[in-house]
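Chemist: Build me a model:
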Amino acid sequence: MSLDYKLVMYQAAQGLRAGLVLDDAVFDVATLTGNASYSTTVGILGDWDAAQPALELAARKTNGGLPLEKTKLLAAVLYPSAVYCAGANYADHLQEMAHAHKIQVTSDPRAEGQKPWHFLKAPRSVVGTQAAIALPAHAQSVDWEAELAAVIGRPAKNVTERNALEHVAGYTIGNDLSARDAMSRTTLPPTSPFRFDWLSQKSFDGACPLGPWLVPAKQIPNPQSLSIKLWVNDVLKQDSNTSKMIFTIAEQIAFLSTRITLYPGDVILTGTFVQRARGDYDYLNLEQYLLDMSPTGGNLSGVAGERCEIFKS
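Modeler: Reported below is the predicted structural model:
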């Protein structure tokens with residue numbers, strides 16, 4: 001029976017390295033396995049079928065290691081080959097956004113035959129745990145979206161929902177930071193195809209905190225039964241469960257794979273949920289914020305969770 005481990009990217013004396021976290025210690029994966037291509041999580045994901053047994057064997061022969069609490073952890077995947085983000089994939093968030101934008105939406109997209117809907121975030125917007133993120137100068141209304149992230153470990157093209165999860169290497173958590181007031185160019189008419197500005201809203205520097213670790217999929221028997229919470233300055237703002245997704249992770253992967261081949265290292269942010277005690281929308285507009293995210297269930301929960309410091313640029 002394999003030992004439960006997590007994968008991280010961390011700052012080592014020789015630079016950025018992939019680490020295997022076991023208990024409270026971090027071990028260099030390339031050194032542990034004798035495979036130099038495993039010096040990054042991207043390299044590990046690119047060889048996932050062979051890497052899994054190598055990692056399980058390595059987890060059995062660990063000795064020493066770096067103390068986890070004294071190790072600087074980075075994003076779980078640096079840098080993803082692509083970041084796909086599910087839009088409005090929880091019914092409560094769908095209604096919340098509809099209310100904010102004063103539009104009518106269906107409460108059951110499935111009943112109307114709708115399919116999952118995704119947009120892209122720039123891979124270089126990904127930052128790690130404990131990152132310091134400057135709010136973009138072009139926006140005054142930036143907010144947070146805690147999400148479960150699925151990381152691809154095997155190429156997926158036209159896969160079925162039944163076998164879609166076989167292409168997932170593991171799971172982590174992410175935050176889809178969003179500049180709401182940069183969403184549209186208000187000088188253009190509502191009918192203009194150039195009115196919406198997804199780049200400015202979703203892909204500023206630091207817009208995608210991810211991590212701190214990747215948990216292998218085989219350690220998460222049911223990714224549709226995980227609780228995720230987010231705090232802003234110790235105030236609980238989000239609290240929900242992946243069981244409330246409109247389209248499951250398997251459905252999202254199956255649909256995306258009909259449009260484009262998914263590759264090892266691709267990240268799918270699977271959607272966010274309603275924000276508690278939000279009132280008429282509050283945003284990150286003070287001088288400094290601390291954002292904490294904590295997933296529970298399976299082995300996603302852990303020592304650090306994710307904490308990012310956000311400040312005005």
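Chemist: low-confidence ranges in the stretch 151-300 of the chain?
Modeler: Applying pLDDT under 70 to the stretch 151-300 of the chain picks out residues 276-291, 293-300.
Chemist: would you list every one of the helices in it?
Modeler: Here the stretch 151-300 of the chain has its helices, by DSSP state H, counting those that start in this stretch, at 198-202, 249-259.
Chemist: And those helices: which comes nearest residue 265?
Modeler: helix 249-259 (14.4 Å; CB to CB). For glycine as for every other residue, the C-beta is placed from the backbone atoms N, C-alpha and C.
Chemist: Against which helices or strands is the closest one packed?
Modeler: If contacts are counted by 3 or more CB pairs under 8 Å, 6 or more residues apart in numbering; DSSP states H and E, helix 249-259 sits against strand 146-152, strand 267-269.
Chemist: For residue 115, find the nearest of the ones you listed.
Modeler: Residue 115 lies closest to strand 267-269 among the helices and strands packed on helix 249-259, at 14.7 Å (CB to CB).
Chemist: So which elements touch the closest one?
Modeler: Strand 267-269 sits against strand 83-86, strand 146-152, helix 249-259, with contacts defined as 3+ CB pairs under 8 Å, 6+ apart.
Chemist: Domain-wise, how is the protein divided?
Modeler: As given by automatic domain parsing, the domain ranges for the chain are 6-70, 83-312.
Chemist: quick check: mean pLDDT across the shortest one?
Modeler: Along domain 6-70, the predicted local confidence has a mean pLDDT of 95.
Chemist: got a markdown table for the helices and strands packed on helix 249-259, with distance to residue 36 too?
Modeler: As requested, those are exported to a markdown table (distance: least, CB to CB, whole Å):
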| stretch | distance to residue 36 |
| --- | --- |
| strand 146-152 | 22 |
| strand 267-269 | 24 |
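Chemist: can you give me the strands for the stretch 101-250 of the chain?
Modeler: Under the criterion DSSP state E, counting those that start in this stretch, strands of the stretch 101-250 of the chain are mapped to 118-121, 126-127, 132-135, 142-143, 146-152, 168-175, 178-179, 208-209, 215-216, 227-232, 235-241.
Chemist: Could you tell me which strands the fifth one is paired with, and in which direction each runs?
Modeler: The reference is to strand 146-152. Here strand 146-152 is paired, per DSSP bridges, with strand 168-175 (antiparallel), strand 267-269 (antiparallel).
Chemist: and that strand, how far out from the chain's middle?
Modeler: In terms of CA atoms, centre = their mean, to the nearest Å, the centre of strand 146-152 is found 4 Å from the chain centre.
Chemist: Let me see the contact set for the closest residue in space to residue 48 that isn't next to it in sequence.
Modeler: Distance criterion CB to CB, 6 or more residues apart in numbering; nearest residue to residue 48, sequence neighbours excluded, is residue 153 at 3.6 Å. By CB atoms under 8 Å, 6 or more residues apart in numbering, residue 153 lies in contact with 45, 48, 49, 167, 168, 169, 170, 217, 264.
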